[in-house]
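S.K.: just a sequence and a predicted model for now, questions to come.
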2 protein chains.
Amino acid sequence: MKRYLFTPGPVPVPEEILLEMAKPIIHHRTAEFENIFAEAREGLKYVFQTREEVFILASSGTGGMEGAVANTLSSGDKALVVNGGKFGERWMKICQAFGVEVHEIKVEWGNAVDPQQIEEVLKKDSSIRAVLVQASETSTGVMHPVKDIAEITRQRDDVLLIVDGITAVGVFPIPFDEWGIDVLVGGSQKAFMLPPGLAFVAMSQKAWKFNEKSNLPKFYFDFKRYLKDAKNNTTPWTPAVTLIIGLAAVLRRFKEEGLEKIYTRHARLAHGTREGLKAIGLELFAKNSPSPALTAAFAPSGINAGAIISRLRERFGMTLAGGQDQAKGKIFRISHMGFIDRADIIAVISAIECVLKDLGYDFEFGAGTKRASEILGTE
Amino acid sequence: MKRYLFTPGPVPVPEEILLEMAKPIIHHRTAEFENIFAEAREGLKYVFQTREEVFILASSGTGGMEGAVANTLSSGDKALVVNGGKFGERWMKICQAFGVEVHEIKVEWGNAVDPQQIEEVLKKDSSIRAVLVQASETSTGVMHPVKDIAEITRQRDDVLLIVDGITAVGVFPIPFDEWGIDVLVGGSQKAFMLPPGLAFVAMSQKAWKFNEKSNLPKFYFDFKRYLKDAKNNTTPWTPAVTLIIGLAAVLRRFKEEGLEKIYTRHARLAHGTREGLKAIGLELFAKNSPSPALTAAFAPSGINAGAIISRLRERFGMTLAGGQDQAKGKIFRISHMGFIDRADIIAVISAIECVLKDLGYDFEFGAGTKRASEILGTE
């Protein structure tokens, strides 16, 4: 059976990139690899829209998140965490594991945080040293207003903005320097359309000032070591050679397509997906501010989302993600990151219609596919 | 030019494994991946020779080393570190980064530690909570006597034996349960003949007792989370899917060959390499106890090892490793791990002879290749 992968990470890896990574392996302390590494560094700066160094870690995104905390904060510091999903929760757990006190702003799943709420907390509590948030909360398909939050934190020398951009960087605009973000984390298996195993992290000069005083233990994720070695196009520990070779190749594609077109592509696919699902009466999980990275939608009432997902896999070879924790069984999630194209979106919406029909859902068959096609246009 | 990779990690990856990893990527929360993960877990237990769980981390070996410390020790604990090379030094730096006091046993590069020295220190200083050592010190090509050290630490409920087995596991016998090792770390790009990006860690029941009291901060490398999820054939964070697919395939090969044959193969290749180099008058860097993982040899007097290495690359497409830090320019290192075979060893020794002849070294041309061939036999 032909297979389609619609999970919000990993996303499909282009065949050319798979084959690039399947070439005979090379040693990392060679001129050949150093050239590739230099290209990857340069490309990451382009995608992160920064003049700062972007570190390449051999870890999943969570390792980058841990590093973001461990390299900037100190034990007993207080951090404001926006908790609007499974990954907001992860920020809290990381802080707690490292002895950083958490002030939680709990956001109902499916909603974006109100920046004013952050501003108020920061005004009331001057002991807060950082705001931690997801640019795109993968568990809910919601985009948080990072630009607005950055406008608040930029005015404070004593507060950092630490952003999990794992399903944001390379998906929609999140210009690191221009917005004044302090730490931004990306991951290989999202817009970068690579296998999981790499995390990317950028740090602002303001964050480096925090780093000087930070007393949290760190070694594997000690960014100071990465900064020192990056200048020589190497890493303190053995890098994930094949993934970095793939990364350089992906970033070449990014430069060819250009950031603007990449953002437009994601926005259009997301729009088409949302409108297609709405046209057959489905309700989106994101109440407002849906993420261009993925679309989460409720299963129709009386139908378990798990039944939709398993039928899509069995009948159409399509793998979608379900809901996590409190959203389990209620929603399904479709990624439109990276190597997903117009044809994929039309195909998945059509397949969802087939499955819903089988499951006895009452709707105008074909209406979703038609609507998505209209939105996606003829390009 | 045809290329040969003789560095002690990464080592060549078999073509079949490269292509296995180049297959369309799959999602990690699927029955298909869980089956692969189960196979990898089972295979790792076979290679580590343990009934304990072996964790699969998305990181380089150093991440596994950090986890070994962070999951067992507490701040202010004292650890005895055997420092006989660059990786012994790394144990020290990790301990220091996490606030663990270090009692250093400094071993001259090229030598193995004397277990009696460890016994004496442990007798004198009852505050030591762990002995940290390399089974095979990759910077010097020396094997430390882990079995003898384990006999000492096994008699002490209050002292752990934490072993960096990154160039040992899968190379020579290091039976985790039988010897009574407490934490053992392996890495993908060594005997496992995979690209870098995975670390493997086994923990004894004694180590888990330490874990209960351990207060060092940990999250990404929190082994308790890995233990809980391993039973469901998953990991707490997104695993490095493609590398684990490669791992399962490699472990299938391991089971087919059998551990005994794997160990014999490495021992024979190492022996042939050493004798071949000695036959042309070269001196080994390992004074005693050379590692079956790699052979480090001095360049002849008056010849810079760097000149040998660069000529091997330019003329024969062969990449060898040089010396690190204090051994830089003095030695070259040849790996015989993983996918390296008889033909490779004969080829590299013959190439070294060619290069040495060019560099004006006086010896009987062909004697090294002849001697190596005799040792390696006709099998």
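M.R.: Done, it's in. Residues are numbered from 1 along each chain as shown, chains lettered A, B, ... in the order given.
S.K.: state which helix of chain A is the longest.
M.R.: Looking across chain A with DSSP state H, the single longest helix is helix A:259-279.
S.K.: what's the closest non-adjacent residue to residue A:187?
M.R.: residue A:61 (3.5 Å; Cβ to Cβ, 6 or more residues apart in numbering or on different chains). Quick note: C-beta positions are derived from backbone N, CA and C, even for glycine.
S.K.: I'd like the average pLDDT over stretch A:280-292.
M.R.: What stretch A:280-292 shows for mean pLDDT is 97.
S.K.: what lies in contact with stretch A:231-241?
M.R.: A:25-29, A:33-35, A:37-38, A:41, A:56, A:58, A:197-198, A:220, A:222, A:225-226, A:228-229, B:9-10, B:60-63, B:187, B:189, B:195-197, B:240 (Cβ atoms under 8 Å, 6 or more residues apart in numbering or on different chains).
S.K.: just the ones of those residues in strands?
M.R.: Under the assignment DSSP state E, the contacts of stretch A:231-241 contribute A:56, A:58, A:198, B:187 to strands.
S.K.: per-residue pLDDT, the spatially most central residue of chain A?
M.R.: Geometric centre of chain A, nearest residue: residue A:167, 1.3 Å, by Cα atoms, centre = their mean. For residue A:167, the model assigns a pLDDT of 98.
S.K.: quick check: phi and psi on the residue in the stretch 251-379 of chain A that chain B sits nearest to?
M.R.: Across the stretch 251-379 of chain A, no residue is closer to chain B than residue A:319, which sits at 5.2 Å (Cβ to the nearest Cβ). Here is the backbone geometry of residue A:319 (degrees, to the nearest 10): phi -100, psi 120.
S.K.: now it, which residues is it bridged with?
M.R.: residue A:5 (DSSP bridges).
S.K.: care to break chain A down by domain?
M.R.: A:4-9+A:259-376, A:15-256 (automatic domain parsing).
S.K.: gap between the two ends of the shortest one?
M.R.: Using Cα to Cα, to the nearest Å, one end of domain A:4-9+A:259-376 lies 19 Å from the other.
S.K.: quick one: distance of it to the chain centre.
M.R.: Put simply, domain A:4-9+A:259-376 sits 18 Å off its chain's centre (Cα atoms, centre = their mean, to the nearest Å).
S.K.: cool, stretch A:142-155 as well?
M.R.: The answer for stretch A:142-155 is 16 Å, by Cα atoms, centre = their mean.
S.K.: please name the residues that touch the closest residue to residue A:268 other than its chain neighbours.
M.R.: Nearest residue to residue A:268 in three dimensions, chain neighbours excluded: residue A:376, at 6.3 Å (Cβ to Cβ, 6+ apart). Shown in contact with residue A:376 (Cβ under 8 Å, 6+ apart): A:268-269, A:272, A:342, A:345-346.
S.K.: wait, which of these is closest to residue A:106?
M.R.: Distance to residue A:106 across the contacts of residue A:376 (Cβ to Cβ) is lowest for residue A:269, with 30.8 Å.
S.K.: for that closest one, what are its contacts?
M.R.: So residue A:269 contacts A:292, A:336, A:340-342, A:345, A:376 (Cβ under 8 Å, 6+ apart).
S.K.: quick one: which of those residues is most hemmed in?
M.R.: The most crowded member of the contacts of residue A:269, judged by other Cβ atoms under 10 Å in any protein chain shown, is residue A:336 (29 neighbours).
S.K.: can you pull the contacts of that residue?
M.R.: Contacts of residue A:336 by Cβ under 8 Å, 6+ apart are A:266, A:269-270, A:273, A:292-295, A:344-345.
S.K.: look up how far residue A:286 lies from the spatially closest residue to it that is not a sequence neighbour.
M.R.: Closest residue in space to residue A:336, ignoring its immediate chain neighbours: residue A:269 at 3.9 Å, by Cβ to Cβ, 6+ apart. Plainly put, residue A:269 is 15 Å away from residue A:286 if you go by Cβ to Cβ, to the nearest Å.
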